[in-house]
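Asks: Structure, please.
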Amino acid sequence: MNQLTGFGLKLKPLDLDTIQLVRTWRNQDQIRSQMEFQEVISETEQSIWFQKLDKQSNQYFVIQIDLKPVGLIHLKNIDLKNKIAESGLFIGENTFVGTGISLGASILLLEYAFDNLGLITIQAKVKNNNTIAQQYNQLLGFKRKNQVNDNFSIWELSKSDFEVLRATLIKISKVSHRLKD
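Replies: Numbering: from 1, shown residues only. Just a heads-up that it's a prediction; the model follows:
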């Protein structure tokens with residue numbers, strides 16, 4: 001798994017040097033409260049999770065700007081046979097929330113998923129009361145497909161829908177003052 005670059009960002013594969021930083025972000029109340037698993041994660045639990053992680057079907061990237069780690073984005077449960085995966089992201093450094101970094105990182109990840117891995121559908125599990133995440137997924141072209149339970153719904157983005165929106169998303173991301181070519 002290689003790092004991905006563009007929009008002034010780098011998506012660097014999660015490694016032993018960054019797993020505890022990601023755990024610290026993930027344990028923040030504002031992030032943890034939006035997750036299905038809401039328990040605080042210990043250093044040991046994080047290490048065990050990372051050791052057991054199938055890195056072919058689960059690809060996690062640390063989002064970096066100017067070499068500073070600011071968040072996490074991933075594809076998990078990658079199924080190359082059925083050409084589908086689940087995506088997710090969070091910005092762990094509060095000063096970078098709302099700066100456009102998520103959009104640039106998402107475009108990079110979606111291009112990688114569709115163009116390099118050959119996937120045709122990306123899913124996202126979104127908390128039903130997280131209107132910001134719902135609006136963000138709609139911006140990317142995701143459509144709400146079905147409710148998993150009282151708290152979460154599955155949203156889907158097809159490769160064809162992404163292709164229609166790609167140029168517009170790239171233009172939007174370049175307008176952001178935080179991102180550059």
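Asks: burial count for S153?
Replies: If you count neighbours by other CB atoms under 10 Å, S153 ends up with 18. Glycine gets a C-beta too; all of them are placed from N, C-alpha and C.
Asks: can you tell me which residues contact it?
Replies: By CB atoms under 8 Å, 6 or more residues apart in numbering, the contact set of S153 is K125, V126, N128, R144, K145, N146, Q147.
Asks: 7 Å instead?
Replies: S153 is in contact with V126, N128, R144, N146, Q147, counting by CB atoms under 7 Å, 6 or more residues apart in numbering.
Asks: Just the buried ones out of these, please.
Replies: V126 (16 or more other CB atoms under 10 Å).
Asks: Go through the contacts of S153 and name the one nearest I19.
Replies: V126 (24.5 Å; CB to CB).
Asks: Check what pLDDT the residue lying closest to Q28 once chain neighbours are set aside gets.
Replies: The shortest distance from Q28 to any non-neighbouring residue, by CB to CB, 6 or more residues apart in numbering, is to G92 (7.0 Å). pLDDT, G92: 93.
Asks: Please give me every residue in contact with G92.
Replies: W25, Q28, I31, V70, G71, L72.
Asks: my guess is the third one contacts W25, does it?
Replies: Yes - between I31 and W25 a contact is recorded at 6.2 Å, counting by CB atoms under 7 Å.
Asks: CA atoms only for the helix or strand of the chain with the lowest mean pLDDT, dumped as PDB, please.
Replies: Ranked by mean pLDDT, DSSP states H and E, the helix or strand of the chain with the weakest confidence is helix 29-32, at a mean of 83. Provided in PDB are the C-alpha atoms of helix 29-32 (Å, rounded to 0.1, in the frame of the first residue of the first chain):
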ATOM      1  CA  ASP A  29     -15.600  12.700  22.700                       C
ATOM      2  CA  GLN A  30     -16.600  14.500  19.500                       C
ATOM      3  CA  ILE A  31     -15.200  11.700  17.400                       C
ATOM      4  CA  ARG A  32     -16.000   8.700  19.600                       C
END
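Asks: which residues touch it?
Replies: Around helix 29-32, the neighbours that count as contacts under CB under 7 Å, 6+ apart are W25, R26, Q38, F90, G92.
Asks: Which pair of those spans the longest distance?
Replies: Greatest spatial distance among the contacts of helix 29-32 (CB to CB): Q38 and G92, at 16.3 Å.
Asks: one step back: so which of the contacts of S153 sit within strands?
Replies: Counting by DSSP state E, the part of the contacts of S153 found in strands is V126, R144, N146, Q147.
Asks: wait, the third one sits on E156?
Replies: Just to be clear, that refers to N146. No - using CB under 7 Å, N146 is not in contact with E156, being 9.2 Å away.
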